[in-house]
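Peer 1: Turn this into a structure:
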Amino acid sequence: MTFHVGFTDSHDFSPVNMNYPAAHIHMLPVELLQHIFLLVVNDVPDCPSVFSYGDTTISPNVGSPPLVFTRVCHFWRVISLSTTAVWSRMQVCLPGRVEPLKPFLPSFLQSWLARSGNQPLTLRIVSGELPVRTTRRCMRQSCHEPSQADSQLLEILLSESKRWEAVALAFSDDLNRNFDTPELKSLQCCWSELSSFNAPNLTHLHITYRWSLTMRFRHIPTCDNVRHLWVQNASARIIRSTFLMFPRMESIKVDLILSDIGHPHNSTTHSCLESITFPIPSDPFQQREVLKIFGELHLPMLCKLTFVADPEESEVSCIVAALEIASCNVQVIDFQTTTPLSEIDVDVIEPLFSLAREVTVRGEVLCPPVR
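Peer 2: Below is the predicted model:
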């Protein structure tokens, strides 16, 4: 019995002379070759870069996917240019130069976007790739204003903002732009840039940059539907403020808890939060910041607490103290630690078994000590 799977053989498109055996790569079905292209593009860290930079030059990035696919043979070029999803992920590094770009480079970016068709876009925008030439005009220009070259590329990207689905911004200065992004679901930016986004469907938010984390911020509609928040670093006061700022937040992860003389709001309730991931400092003074987070905190839906810490006596005592001043019903306490499971002292973590149904190390369940 034979059955047709719907693939189109690439023999019909292959430029190879059919009087000779075809190379195996030209025997792949078109749909399989497209899938391989997508796997390669999706595996590129930080998205495929549109431009390549030298010390003082900028040019199309022809040596990396997906552009490199168009340079292998005519057949690959036809397939890659017609596969819109291959062109829907991109990293655009803004040169930072004051003078405008030559017309070819903005046109090249427009062509890349055109090849993506109507696909949702995954975009990473990075600033300051080329050294700035110091001129009188440059000195007069505000450091917060995008350069002419940057503005050219930004305007092209903004023309497609309705298709932005996942965006990461990595800037040293604010862009002073507003972003209308109705389809945006995932965003990486700093606090000060968040208010520039109209993103009613945003669900995943990653806040970066330390310098902005002590600023005061206000609630905006973009925050209403955020479900998952990842903050690079923040003080207890800022973390407690996020409970008010993101009313539908289901998980929060903080990489580093900073010391702050400020004090959080009094009693706070968050009825949606299910998962928290925090580091536990080994320094007892810094552990006070952790206690500030949990003081008079009511989390009726909290199921899992993940602590990036070694399960030592000081860290365990901090966790116990934090849960004693909070109101929650934790099911799982998990430690993310490099300590091997065989070296975990179960007697040290024994107090945690009375506070949670399970205590785990990197997801592996620990058994309470037998008395």
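Peer 1: going forward, measure contacts and count neighbours with C-alpha atoms only.
Peer 2: Will do.
Peer 1: Which helix or strand in this structure has the lowest average pLDDT?
Peer 2: Within the chain, no helix or strand scores below helix 136-140, which has a mean of 39 by mean pLDDT, DSSP states H and E.
Peer 1: Following that helix in sequence, what is the next regular element?
Peer 2: helix 148-158 (DSSP states H and E).
Peer 1: Which elements pack onto whatever helix or strand comes next after that next one?
Peer 2: Downstream of helix 148-158, the next assigned helix or strand under DSSP H and E is strand 164-170. Under the contact definition 3 or more CA pairs under 8 Å, 6 or more residues apart in numbering; DSSP states H and E, strand 164-170 sits against strand 121-126, strand 186-189.
Peer 1: List the buried residues in stretch 39-49.
Peer 2: By neighbour count on 16 or more other CA atoms under 10 Å, the buried set for stretch 39-49 is V41, N42, C47, P48, S49.
Peer 1: contacting residues for the third one?
Peer 2: Listed by CA atoms under 8 Å, 6 or more residues apart in numbering, the contact set of C47 reads V41, R89, M90, Q91, T122, L123, R124.
Peer 1: do the same with P284
Peer 2: S314.
Peer 1: so who does W76 touch?
Peer 2: F69, T70.
Peer 1: now it: how far from V62?
Peer 2: Per CA to CA, to the nearest Å, W76 is found 14 Å from V62.
Peer 1: next one: R362
Peer 2: To V62, R362 is 42 Å away according to CA to CA.
Peer 1: Report how many residues lie close to the residue lying closest to S259 once chain neighbours are set aside.
Peer 2: In space, and not counting its chain neighbours, S259 is closest to S235: 5.7 Å by CA to CA, 6 or more residues apart in numbering. S235 has 24 neighbouring residues, counting by other CA atoms under 10 Å.
Peer 1: Hmm, S235 is touching Q287, no?
Peer 2: No: between S235 and Q287 there is no contact under CA atoms under 8 Å: 11.5 Å.
Peer 1: what bridges to the residue nearest to S259?
Peer 2: Under DSSP bridges, the beta-bridge partners of S235 are L258.
Peer 1: In TSV: the contacts of C47, plus distance to L101.
Peer 2: Output for the contacts of C47, formatted as TSV (distance: CA to CA, whole Å):
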residue	distance to L101
V41	27
R89	23
M90	19
Q91	18
T122	24
L123	21
R124	20
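Peer 1: Any chance of a PyMOL selection covering the buried ones in those?
Peer 2: To isolate the buried subset of the contacts of C47 in PyMOL, counting by 16+ other CA under 10 Å, use the following:
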select buried, resi 41+89+90+91+122+123+124
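Peer 1: if you go through the stretch 251-371 of the chain in chain order, where are the helices?
Peer 2: For the stretch 251-371 of the chain, the helices defined by DSSP state H, counting those that start in this stretch occupy 284-294, 313-324, 346-349.
Peer 1: Turn those into JSON lines, columns for mean pLDDT.
Peer 2: Shown next, in JSON lines, are the helices of the stretch 251-371 of the chain (pLDDT from 0 to 100):
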{"stretch": "helix 284-294", "mean pLDDT": "90"}
{"stretch": "helix 313-324", "mean pLDDT": "94"}
{"stretch": "helix 346-349", "mean pLDDT": "92"}
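Peer 1: closest one to N266 among these?
Peer 2: helix 284-294 (10.0 Å; CA to CA).
Peer 1: buried stuff in that closest one?
Peer 2: Using 16+ other CA under 10 Å as the burial criterion, the residues of helix 284-294 that qualify are Q287, E289, V290, L291, K292, I293, F294.
Peer 1: Just the closest of those to T181, please.
Peer 2: The closest of the buried residues of helix 284-294, once distances to T181 are taken by CA to CA, is I293, at 32.6 Å.
Peer 1: quick one: contacts for the closest residue to that closest one other than its chain neighbours?
Peer 2: Excluding the flanking residues, the one nearest I293 by CA to CA, 6+ apart is A236, at 5.1 Å. With contacts defined as CA under 8 Å, 6+ apart, A236 is in contact with I257, L258, S259, D260, H263, P264, E289, V290, K292, I293.
Peer 1: And for V290?
Peer 2: A236, I257, I280, C318, A322.
Peer 1: could you flag which of these are buried?
Peer 2: A236, I257, I280, C318, A322.
Peer 1: wait, isn't the second one in contact with E289?
Peer 2: Yes: if you go by CA under 8 Å, I257 and E289 touch, sitting 7.2 Å apart.
Peer 1: Now do the shared contacts for the two.
Peer 2: Residues touching both I257 and E289 (CA under 8 Å, 6+ apart) are S235, A236.
Peer 1: about what we covered before: which single one of the buried ones among the contacts of V290 is nearest to H270?
Peer 2: A236 (15.6 Å).
Peer 1: Touching, E296 and S267? I think so.
Peer 2: Yes: E296 is within contact range of S267, at 4.7 Å (criterion: CA under 8 Å).
Peer 1: Between the two, tell me which one has more neighbours.
Peer 2: Taking neighbours as other CA under 10 Å, E296 and S267 compare with E296 leading, 19 against 11.
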